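>>> Based on what follows, work out the 3D shape:
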Amino acid sequence: MTGADTPPVDRAVDRAFLAETPIFGSLPEPVLSRLVDAIHVVRLDAGAEVFAEGELARCMFLVAEGELEICKRGRNGAEFCLAVLGRGASVGEMALIDIQPRSATVRALNPTLLYVLNQSEIAKLYATDLEVYALLVSNIAREISRRLRVADQVLVDMGVAVQGLWADDPAPNPRR
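Residues are numbered from 1 along each chain as shown. Okay, here's the model as predicted:
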C-alpha cells in the first residue's frame, strides 16, 4: 500500500505549520483555508513506501512528522538514495506540474505523518478558483526551481557536464 492509498487518520492539519512551508507559505489566509480543507492526513510505519518510481502521480505529500528517503534507480538497476527529507519538506509536487510518472521511489524512514493533497483537489481549484490555483502552482514552481539550482550546483561541483539536457535541439558546445 502506498501513501496515496493509505486511509486518512483522524488528525487536524496544523494550519500554522502549513503556513511556514515553502509550498504553502506566504499564501493569503483564505487560500490557506481552502487548501487546509482539501488536505488529508496519513500515518505511515517505518519502511512503508509512499510511492514508487514510474507510478502514475495522483498527489503530493508534505512531511508533518518523520523522515522520507528519496531513491532512484540508475541505468544499471542499482538504487541510489538521493536525499532524506524531514518536517516541512514536500515530495511529489513535480509530477503535479509536468504530469509525468514518479521520478523516484519514496519511503518512510521512521513513523511518519504526511499531509496529502490530491491532484483532483488541485483540478477543482483550477476550475473554481483560478487565483488560488495560480498561487499554489507558483509556490510549487518556486520550490522546483530552488531544487534545480541545488542540483545544478552539485553537478558543477562534481565536474559533470549536462549539455543538451535542457533543450530539445541543443546548440553545439564549442568547448567540447
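>>> switch to C-alpha atoms for all contacts and neighbour counts from now on
Noted.
>>> For H40, give the beta-bridge partners.
Here H40 sits in beta bridges with V116, as judged by DSSP bridges.
>>> Contacts only, for it.
Residues in contact with H40, defined by Cα atoms under 8 Å, 6 or more residues apart in numbering, are 8-9, 13, 115-117.
>>> please redo it, this time with the cut-off set to 7 Å
The neighbourhood of H40, defined by Cα atoms under 7 Å, 6 or more residues apart in numbering, consists of 8, 115-117.
>>> out of those, who has the most neighbours?
Counting neighbours by other Cα atoms under 10 Å, Y115 leads those with 25 neighbours.
>>> Looks like that one contacts F61 (just checking).
Yes - applying Cα atoms under 7 Å, one finds Y115 in contact with F61, separated by 5.5 Å.
>>> Averaged over its residues, which helix or strand of the chain has the lowest pLDDT?
Using mean pLDDT, DSSP states H and E, the weakest-scoring helix or strand in the chain turns out to be helix 93-98, at a mean of 83.
>>> Relative to the whole chain's centre, how far out is it?
Mean C-alpha position of helix 93-98 versus that of the full chain (Cα atoms, centre = their mean, to the nearest Å) differs by 7 Å.
>>> same check, this time on stretch 64-73
With Cα atoms, centre = their mean, you get 11 Å for stretch 64-73.
>>> Report how many residues lie close to the residue lying closest to V132 once chain neighbours are set aside.
Sequence neighbours aside, V31 is the residue nearest to V132 in space, at 5.7 Å (criterion: Cα to Cα, 6 or more residues apart in numbering). Residues lying near V31 (other Cα under 10 Å) number 17.
>>> helix, strand or coil for V31?
Per DSSP: H, G, I helix; E, B strand; the rest coil, the secondary structure class of V31 is helix.
>>> Test my guess that it contacts A134.
No - in this structure, V31 is not within contact of A134 by Cα under 7 Å, at 10.6 Å.
>>> quick one, helices of the chain?
15-19, 29-38, 93-98, 119-128, 130-158 (DSSP state H).
>>> now those helices in a markdown table, with distance to R73?
Shown next, in a markdown table, are these (distance: least, Cα to Cα, whole Å):
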| stretch | distance to R73 |
| --- | --- |
| helix 15-19 | 31 |
| helix 29-38 | 33 |
| helix 93-98 | 17 |
| helix 119-128 | 25 |
| helix 130-158 | 17 |
